[in-house]
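K.L.:
Here is a sequence together with a model predicted from it:
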Amino acid sequence: MTIWLAILGMALVTLATRALPLLLMRGALPTWLGRWLGFVPVAVFAALALRPLLVSAGPEPRLVAGLPLLAGLAGALAAWHTRSVVATIVVGMLVYWGLRLATG
């Protein structure tokens, strides 16, 4: 019975956090909130993408400046220059593979 109550509680919390803002904010968003929400995708992407580029894997993570960071910088330059997702991925992967082959 406790498990079902926990599942019901989690479902209610999920519903409240997703549905209530939609119900309360019918119509257009305030200008300041729209501007603020515009930064959410950039922040989420940075949080997801930067850790693998800057932190080593393993039992004792530490900051590193290795091949993934160099490939990420090359991909960022390609993205800035071309504004193409495909070009960004291709350049980043080619640089990463090239550096791996060069360093053995």
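P.N.:
Alright, I've got the coordinates. Numbering: from 1, shown residues only.

K.L.:
how near is residue 43 to residue 13?
P.N.:
Here the distance between residue 43 and residue 13 works out to 23 Å (CB to CB, to the nearest Å). For the C-beta atoms, the positions are set from N, CA and C on the backbone; glycine is no exception.

K.L.:
Leaving out the residues flanking it, which one is nearest to residue 71?
P.N.:
Spatial nearest neighbour of residue 71, excluding adjacent residues (CB to CB, 6 or more residues apart in numbering): residue 96 at 3.6 Å.

K.L.:
Figure out the helix or strand that the one you found lives in.
P.N.:
Per DSSP states H and E, residue 96 falls inside helix 85-103.

K.L.:
Show the pLDDT at the residue nearest to residue 71.
P.N.:
Turning to residue 96, the model gives it a pLDDT of 95.

K.L.:
Surely it touches residue 67?
P.N.:
Yes. Residue 96 lies in contact with residue 67 (CB atoms under 8 Å); the separation is 6.0 Å.

K.L.:
helices or strands up against whichever strand or helix holds residue 42?
P.N.:
Mapping residue 42 onto the secondary structure by DSSP H and E places it in helix 40-54. Helices and strands touching helix 40-54, by 3 or more CB pairs under 8 Å, 6 or more residues apart in numbering; DSSP states H and E, are helix 67-82.
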